[in-house]
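K.L.:
With the input below, show me the fold.
(4 chains)
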Protein chains: 2
Amino acid sequence: MRAFDIAEVAERSGLPASALRYYEEKGLIQSIGRRGLRRLFEPQVLERLALIGAGRTAGFSLEELARMFGSTEGRPSVDRQMLATKADELDVTIRKLEAVRDGLRHAAACPASSHMECPKFRRIVRAATSAAPLRRRLRRSL
Amino acid sequence: MRAFDIAEVAERSGLPASALRYYEEKGLIQSIGRRGLRRLFEPQVLERLALIGAGRTAGFSLEELARMFGSTEGRPSVDRQMLATKADELDVTIRKLEAVRDGLRHAAACPASSHMECPKFRRIVRAATSAAPLRRRLRRSL
DNA sequence: CTGCCACTTCAAGTCCACTTGAGGTCAAGA
DNA sequence: TCTTGACCTCAAGTGGACTTGAAGTGGCAG
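P.N.:
Down below sits the predicted model:
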């Protein structure tokens, strides 16, 4: 078994075929050829899709992901400085998320009728909103 | 100075007036009255906006935020069970983000020409994509 | 009192990441 | 050979979160 057709990639990756076609159109993945009309994919594509999924989880747009590791060809190497910068940004995001999580946890436990009256809650909200240069927000997956 | 007009809230919160009107329309904030046509806001609204910002950072939709602390009136109390569940979901998201961050950091440092050939990188990608029930994705802010 | 212009409303437009639908093709099983 | 139906393309639609534009209003400096 050398190549998968789109239905097989869809099943194994959990993504609908329409999304795979869209990703190909955007240069995020490539099919290795066709059988008649039908796209053929290397098993490798599943790892690439995993990588894309991870990047999406971290809030990168498809365009950013394409820039980061879209077409491995024609590029000297991924811009390492950019990767490090993105990692730093993610650190900031993570810290905010931790604060939000703590706020949620506290709000679930604290008996104050209005959370904004609770000094602890207010401190947590401040933590979640300061830590200035947030560039990313979270998106939902299904 | 008891009340802010929309331009002042916009300036202090960093959000455009159009977004504030939109948030009001969606029930996330309230103006406390009008001077002529113009909305007046209590200084309090800034804290609420901070809370909304924190929630948005964590990937909650405006509708979810409205449910969580939209109109404080008419609701016995925020659903504490839901808050705890959201906190748990955030924990999962945070773990994925940490894995993505580590992957980025590693990719920035690792000399392998193709990262997918590096076993360490592949392990990190797996960590970022497993931990199954992710419901949230990150969104970008400006 | 007048005029400016920051504010107002409402409808429509934008961006992203896909999804859906119509209409077409062709590999493979009966 | 014929039929089936999974796959194809391309255009248009969707949803969330706003933004933009046109047309109107009214507080306040002069």
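K.L.:
Distance-wise, check the closest residue to residue A:105 other than its chain neighbours relative to residue A:104.
P.N.:
Nearest residue to residue A:105 in three dimensions, chain neighbours excluded: residue B:87, at 4.6 Å (Cβ to Cβ, 6 or more residues apart in numbering or on different chains). Yep, even glycine has a C-beta here, placed from its N, CA and C like the rest. Per Cβ to Cβ, to the nearest Å, residue B:87 is found 4 Å from residue A:104.
K.L.:
Residue A:9 versus the residue of chain A found nearest DNA strand C, what's the distance?
P.N.:
The nearest approach of chain A to DNA strand C comes at residue A:36, 2.0 Å away (Cβ to the nearest atom of the strand). Computed as Cβ to Cβ, the residue A:36 to residue A:9 distance reads 17 Å.
K.L.:
For residue A:89, what is the enclosing helix or strand?
P.N.:
helix A:80-109 (DSSP states H and E).
K.L.:
so how far is that helix off the chain centroid?
P.N.:
Computed by Cα atoms, centre = their mean, to the nearest Å, the chain-centroid distance of helix A:80-109 equals 14 Å.
K.L.:
can you pull the buried residues of it?
P.N.:
Of all the residues in helix A:80-109, those buried under the rule 16 or more other Cβ atoms under 10 Å in any protein chain shown are A:83, A:86-87, A:89-90, A:92-108.
K.L.:
do it and DNA strand C meet at all?
P.N.:
No. Judged by Cβ under 7 Å from any atom of the strand, helix A:80-109 stays clear of DNA strand C, getting no closer than 14.5 Å.
K.L.:
packing partners for that helix?
P.N.:
If you count contacts as 3 or more Cβ pairs under 8 Å, 6 or more residues apart in numbering or on different chains; DSSP states H and E, helix A:80-109 packs onto helix A:62-69, helix A:119-129, strand A:136-140, helix B:45-57, helix B:80-109.
K.L.:
Nearest to DNA strand D, out of these?
P.N.:
That would be helix B:45-57 among these, by Cβ to the nearest atom of the strand, at 6.2 Å.
K.L.:
Let me see the mean pLDDT of that closest one.
P.N.:
Confidence over helix B:45-57 (mean pLDDT, whole number) is 91.
K.L.:
and that helix, how far from the chain's centre?
P.N.:
Taking mean C-alpha positions (Cα atoms, centre = their mean), helix B:45-57 and its chain are 8 Å apart.
K.L.:
Would you mind giving the orientation angle of that helix with respect to helix A:80-109?
P.N.:
120 degrees (axes from the mean of the first three to the mean of the last three Cα atoms, to 10 degrees).
K.L.:
and residue A:102, what does it touch?
P.N.:
Shown in contact with residue A:102 (Cβ atoms under 8 Å, 6 or more residues apart in numbering or on different chains): A:124, A:127, B:87.
K.L.:
Swap in 7 Å and give it another go.
P.N.:
residue A:124 (Cβ atoms under 7 Å, 6 or more residues apart in numbering or on different chains).
K.L.:
now do residue A:38
P.N.:
Contacts for residue A:38 (Cβ under 7 Å, 6+ apart) come out as residue A:5.
K.L.:
Over to it: give its phi and psi.
P.N.:
phi -80, psi 130 (degrees, to the nearest 10).
K.L.:
Over to residue A:33?
P.N.:
phi 160, psi -170.
K.L.:
Alpha carbons of the one helix or strand residue A:21 maps to, as PDB, please.
P.N.:
Under the criterion of DSSP H and E, residue A:21 resides in helix A:17-25. Only the C-alpha atoms of helix A:17-25 are listed here, as PDB (Å, rounded to 0.1, in the frame of the first residue of the first chain):
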ATOM      1  CA  ALA A  17     -12.200  15.500   2.300                       C
ATOM      2  CA  SER A  18     -13.400  19.000   1.600                       C
ATOM      3  CA  ALA A  19     -10.900  20.400   4.100                       C
ATOM      4  CA  LEU A  20      -8.100  18.300   2.600                       C
ATOM      5  CA  ARG A  21      -8.800  19.700  -0.800                       C
ATOM      6  CA  TYR A  22      -8.900  23.200   0.700                       C
ATOM      7  CA  TYR A  23      -5.500  22.600   2.400                       C
ATOM      8  CA  GLU A  24      -4.000  21.400  -0.900                       C
ATOM      9  CA  GLU A  25      -5.300  24.400  -2.700                       C
END
